[in-house]
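# what's the 3D shape of this:
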Amino acid sequence: MNAAHPTQSLYACLHAAEFPAQALLRLRPELQSEPVALLDGTPPLQTVCSLNRLALLKGAAHGMTRLEAESTPGLRLAVRSIETEAAARAILLECAANFSPRIEDASHTYQGKACACVLDIAGTERLFGPAETLAQRLRAALASAGFRVSIAVSANFHTACIKAAAARGITVIPAGEEAASLARLPLSALNLGDDPSETFAIWGIRTLGELAALPEADLIARLGAQALDWRDTARGGERHTFQPIEPEFTLREFSDFETPIEQADSLLFVGARMIDCLVARAQARALSLASLTVEMALGAGRVHRRTIRPALASADRRFLLKLLQLEIAAHPPPSAVVALTLTAQAGAASKVQLGLFTPPTPEPSRLDVTIARLKAIAGEDRVGTPVLEDTHRPGAFRMEGFAVGAHGSATDAARPRMALRRMRPPVPLRVMLCDAKPATFRDGQSSYRVEAAYGPWKTSGCWWQEEGWDAEEWDVLAASGNGAPLACLLVRDCRRNQWHLEALYD
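Model prediction:
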C-alpha cells in the first residue's frame with residue numbers, strides 16, 4: 001500500500017468461532033483442557049450447537065444428537081447459556097472499543113454459532129501503528145479476556161468479514177488484492193442459501209474466483225440482480241454502508257453452572273476468575289471497583305443477593321476475593337447455587353499520599369477485612385458508622401456501612417468541645433426530689449449530692465406507637481461522698497416514673 005496515497009477506508013474484522021463454547025470456557029479454566037460440546041434445544045431433542053477444538057479431535061460434530069454425543073468417549077457435555085453468551089459478547093465489544101469507537105456487529109450471518117464485529121480503523125496508524133501491529137495488539141487483548149479470534153484487515157468491509165471467518169490468525173489484505181485473496185475460498189463463504197448454492201453446483205462453480213469470472217449479463221439473466229452483488233462481493237468490490245453501534249460500558253460477569261453448587265469453596269473458585277475479569281476491564285479505563293453486587297440464583301426464581309462496598313475503591317483482586325469470602329461466610333445462600341452473577345460499580349482509583357518523615361500507615365484494605373470480620377462476630381447492624389435518625393427521639397441513630405468522608409477543617413478540630421458519654425444501657429437510679437428538683441440520687445453503689453440542676457427539658461413523641469416516649473432531662477452537677485465532682489445527664493421516664501443516668505459529661 002502506498003503511504004503517500006492511503007486508502008479512505010480500512011476495516012478490521014474479528015471473528016470468534018464457536019462462540020457459545022468460548023463464552024462458557026472463558027470462566028471455566030478447569031474445562032479448557034477437556035473436549036467440551038454444548039447442547040441446545042429442548043430435552044430430549046438436544047443437539048450439539050458448539051464445541052471446542054479438542055472435541056473435534058474426538059470426532060464430535062455439529063448437529064449430533066445428545067445420544068450420539070454421550071456415546072463419544074471422553075466428551076464432556078454442557079448446556080448452552082444465552083445469558084452467558086450475552087455477557088461475553090458485551091465484554092468482547094468492550095475490548096474492541098479500546099481500539100476504535102466505530103464498531104459494527106456482524107454476527108447475524110452466523111446464526112449464533114460465531115461472534116463477529118468490524119472495526120473502522122482508518123486513521124488509527126498514529127495511535128497503534130500499522131494495521132498488522134493493531135491487529136496483533138487487538139488479538140492479544142482479546143486473548144487476555146479469554147477469547148480466541150481471527151482477524152482480517154482490508155479496505156473492503158465484506159472482504160474483511162469473509163477472510164476473517166475463513167482464515168486463522170491475522171490476515172492483512174493490501175488494497176487492490178481483495179479478489180486474489182478470496183479466489184480460492186469455497187462458495188459457501190457467502191452463505192447464499194440452498195437454492196443458489198445448488199444452482200452454482202450444477203454449473204460447476206465451486207470457489208469465489210470462479211464466481212467472480214462469470215459474465216455479468218448472463219449471470220443477471222439467469223439469477224437476477226442479486227447475483228451481481230454476489231459477484232461483486234467475490235471480487236472484493238461490494239460497497240457497504242457502515243452502521244456503528246454504541247456498546248454500553250457495564251461491569252458484569254455471569255456464569256451458569258451445570259450442576260448446583262453447595263460448597264462455598266467451589267463458588268469462590270469461579271468467583272475469583274470473575275473478579276479477575278472485572279478488575280482487568282476496570283483498570284483498562286483507569287478505574288477501580290467501588291462496589292460489588294453478588295447475585296446467586298437458587299432455582300425456582302429465587303435469588304440470594306449481597307453487596308460489598310469497600311471503604312475505598314480498590315483494584316486488588318485478592319482483597320476483593322477475601323471480602324467476597326467473608327460476605328458469603330457471614331450470609332451463606334440458603335440452598336445450592338445454580339448461577340452466579342457479579343456486577344460492579346466503577347469508581348476512581350484511590351491515591352495514598354506518603355510523607356517523608358512519617359511512618360507508613362496500614363493499607364485501607366486491612367480495615368475493610370477487619371470490619372467484615374467484626375460484622376460476622378457482632379452482627380451486621382452493630383458495626384459501621386452511626387448516623388442520626390430523622391426523629392425527635394433522643395439518641396436515636398442507625399448504623400450504616402463505613403465510608404471515608406471529608407475531614408473537618410483545622411479550625412473545627414482546634415475548637416474546644418464537651419463530650420457526652422452515653423451509658424449503654426442507662427444506669428437505673430433512686431432520686432430524692434426537693435422543690436420538684438433532684439436533690440440526691442443513688443446508683444446502687446454510691447450516693448451523690450446535687451449541687452446544681454438545670455431543667456427539666458421535656459421531650460415526647462410517637463405516642464400512637466408502643467415505642468413512644470415521654471421524658472424529662474436534667475443536667476446535673478453533683479458530688480460524691482468523698483467530694484469527687486460529677487457532671488451528668490439524668491432522665492426521668494414519665495410513663496413508668498423511673499430515673500436513669502443517661503450520660504456523663506467529659
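# contacts and neighbour counts: CA atoms only from here.
OK.
# show me what the helix or strand containing His15 is packed against.
Here His15 sits within strand 11-16, counting by DSSP states H and E. Counting contacts by 3 or more C-alpha pairs under 8 Å, 6 or more residues apart in numbering; DSSP states H and E, strand 11-16 is packed against strand 115-120, strand 150-154, helix 157-166.
# quick one, it and strand 115-120 angle?
For strand 11-16 against strand 115-120, the angle by axes from the mean of the first three to the mean of the last three C-alpha atoms, to 10 degrees is 160 degrees.
# out of the helices and strands packed on strand 11-16, which is closest to Ser291?
Closest of the helices and strands packed on strand 11-16 to Ser291 is strand 115-120, at 30.2 Å (criterion: C-alpha to C-alpha).
# can you give me the helices in the stretch 151-300 of the chain?
Under the criterion DSSP state H, counting those that start in this stretch, helices of the stretch 151-300 of the chain are mapped to 157-166, 178-182, 194-203, 208-212, 216-223, 226-235, 264-283.
# can you redo those helices as TSV with mean pLDDT and distance to Asn482?
Below are the helices of the stretch 151-300 of the chain laid out as TSV (pLDDT from 0 to 100; distance: least, C-alpha to C-alpha, whole Å):
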stretch	mean pLDDT	distance to Asn482
helix 157-166	93	94
helix 178-182	93	104
helix 194-203	87	107
helix 208-212	91	108
helix 216-223	87	115
helix 226-235	90	104
helix 264-283	90	60
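# most tightly surrounded among the helices and strands packed on strand 11-16?
Most buried of those by mean neighbour count (mean count of other C-alpha atoms under 10 Å) is strand 150-154; its value is a mean of 27.
# list the strands paired with that one, with their directions.
When sheet partners are counted by DSSP bridges, strand 150-154 sits next to strand 11-16 (antiparallel), strand 170-172 (parallel).
# about what we covered before: what does the strand holding His15 contact?
Residues outside strand 11-16 that contact it (C-alpha atoms under 8 Å, 6 or more residues apart in numbering) are 114-122, 135, 147-157, 160-161, 164-165.
# buried sites along it?
Within strand 11-16, the residues scored as buried using 16 or more other C-alpha atoms under 10 Å are 11-16.
# domain-wise, how is this structure divided?
Domains of the chain are assigned by automatic domain parsing as 11-235, 251-348, 418-505.
# in this protein, which ranges drop under the pLDDT threshold?
Applying pLDDT under 70 to the chain flags residues 1-7, 247, 350-355, 358-365, 403-418.
# tell me how far Leu134 lies from Gly123.
Counting by C-alpha to C-alpha, to the nearest Å, the gap from Leu134 to Gly123 is 12 Å.
# can you check Pro244 too?
Going from Pro244 to Gly123 by C-alpha to C-alpha gives 16 Å.
# could you export the buried residues of strand 11-16 as JSON lines, including distance to Pro186?
Converted to JSON lines, these look like this (distance: C-alpha to C-alpha, whole Å):
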{"residue": "Tyr11", "distance to Pro186": "22"}
{"residue": "Ala12", "distance to Pro186": "22"}
{"residue": "Cys13", "distance to Pro186": "19"}
{"residue": "Leu14", "distance to Pro186": "20"}
{"residue": "His15", "distance to Pro186": "18"}
{"residue": "Ala16", "distance to Pro186": "20"}
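# closest one of those to Pro485?
For the buried residues of strand 11-16, the nearest to Pro485 is Ala16 (80.4 Å; C-alpha to C-alpha).
# report the beta-bridge partners for the closest one.
Applying DSSP bridges to Ala16 yields these beta-bridge partners: Cys115.
# just give me how far stretch 252-272 sits from the chain centre.
Centre-to-centre, stretch 252-272 and its host chain are 15 Å apart (C-alpha atoms, centre = their mean, to the nearest Å).
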